[in-house]
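build me a structure from this.
(chains A, B and C)
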Amino acid sequence: MEKHSCLILVPLFNHMDEHDLEKIYSLTKQRTYKKGEQIFKPYDQQQLTIVAKGRMKVYQLSGSGREQLLRVVETGEYEGESALFGVKNDSLFAEALQETVVCTLAHHDFQKLLLTYPQISLRLLETNAEKLSSAQHQAQFLVMEAIETRLAVYLLELAKENDRLTFELPMKMKELAGFLGTTPETLSRKFKLLSDKALIRRERQKITLLDPEELEDCYV
DNA sequence: TCATTAAATTTGT
DNA sequence: ACAAATTTAATGA
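Got it, this is the predicted structure:
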């Protein structure tokens, strides 16, 4: 593992020089989690959590105890920046999807950093704006009544992110179902529907969009 | 690597 | 939505 891998990976810090990174690094704690281990839970100490290697899922629990997946945090991404401004985490859980290395930065240390390095503040505003818009998008998802539409939108998004028509689902069907606000059973049937219409091809978790344009029309 | 078992997914009701 | 059937992944020899 690279000495400063967790910092280099993060847009928030990767523009800084060696000396500054060293300083920031001394404020972080690093830990490795095995698959399925819990990385944080509600009411943990407020901190920024950076994924240096592996992936983690961030979710909350609905009233009935069902797991609602919010996002999958990939290597180089992070979670919890709002906690750094003092927003309490009272509902979020995070769990490693595979062997995962995370670096954490405590709330109060981060505030000190912001004072020393104002550039970081600007970066933070940028990335935060991105998250906000994706959160709004997600909210839009849940308003759409047709699951098929949500799925279509989601698949198109993935294709866009990957710049390919063939890609792997980043999460299990069960989790995707929760993410889209449906059940695994329904999701399975919707996938079959899209396959039957020859809009997509699917083998395990590998998805190929055969007809992205037609898929767009589900948008309506 | 293969067999066994557990977990996840699909299909029928 | 539930349960049975099928498929895929995990585990241990």
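
secondary structure element for A:Ala198?
For A:Ala198, there is no helix or strand it lies in under DSSP states H and E.

which residues touch it?
A:210-211 (Cβ atoms under 8 Å, 6 or more residues apart in numbering). C-beta: built from backbone N, CA, C; applies to glycine.

secondary structure element holding A:Asp90?
Using DSSP H and E, no helix or strand contains A:Asp90.

tell me which helix or strand of chain A sits lowest on mean pLDDT?
helix A:5-8 (a mean of 74; mean pLDDT, DSSP states H and E).

which elements pack onto that helix?
In terms of contacts (3 or more Cβ pairs under 8 Å, 6 or more residues apart in numbering; DSSP states H and E), helix A:5-8 is packed against helix A:18-25, strand A:28-33, strand A:47-53, strand A:100-106.

can you redo the ones you listed as a markdown table with mean neighbour count, mean pLDDT and distance to DNA strand C?
Listed next are the helices and strands packed on helix A:5-8 as a markdown table, based on neighbours: other Cβ atoms under 10 Å; pLDDT from 0 to 100; distance: least, Cβ to the nearest atom of the strand, whole Å:
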| stretch | mean neighbour count | mean pLDDT | distance to DNA strand C |
| --- | --- | --- | --- |
| helix A:18-25 | 14 | 86 | 32 |
| strand A:28-33 | 15 | 91 | 15 |
| strand A:47-53 | 23 | 88 | 17 |
| strand A:100-106 | 22 | 90 | 14 |
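
near DNA strand B, which residues of chain A show up?
Near DNA strand B, the residues belonging to chain A are A:172-174, A:184-185, A:187-189, A:191-192 when assessed by Cβ under 7 Å from any atom of the strand.

drop anything exposed from those.
A:187, A:191 (16 or more other Cβ atoms under 10 Å).

out of the helices and strands packed on helix A:5-8, which gets nearest to A:Asn128?
Nearest to A:Asn128 among these is strand A:47-53 (12.1 Å), distances taken as Cβ to Cβ.

let's see the helix or strand that comes right after the closest one as CSV, backbone CA atoms only.
Per DSSP H and E, the first helix or strand lying C-terminal to strand A:47-53 is strand A:56-61. This file holds the C-alpha atoms of strand A:56-61, laid out as CSV (Å, rounded to 0.1, in the frame of the first residue of the first chain):
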residue,chain,number,x,y,z
MET,A,56,-18.2,0.1,0.9
LYS,A,57,-21.9,0.5,0.9
VAL,A,58,-23.7,3.3,2.7
TYR,A,59,-27.3,2.6,3.8
GLN,A,60,-29.9,3.4,6.3
LEU,A,61,-32.6,1.3,7.9
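
for chain A, longest helix please?
With secondary structure taken from DSSP state H, chain A has its longest helix at helix A:118-143.

against which helices or strands is the very next helix or strand once past that helix packed?
With elements assigned by DSSP H and E, the helix or strand that comes after helix A:118-143 is helix A:147-162. With contacts taken as 3+ Cβ pairs under 8 Å, 6+ apart, helix A:147-162 sits against helix A:118-143, strand A:166-168, helix A:173-180, helix A:184-196, strand A:206-209, helix A:212-216.

that older thread, tilt between the longest helix of chain A and strand A:47-53?
80 degrees (axes from the mean of the first three to the mean of the last three Cα atoms, to 10 degrees).

quick one: mean pLDDT for helix A:118-143?
Helix A:118-143 shows a mean pLDDT of 78.
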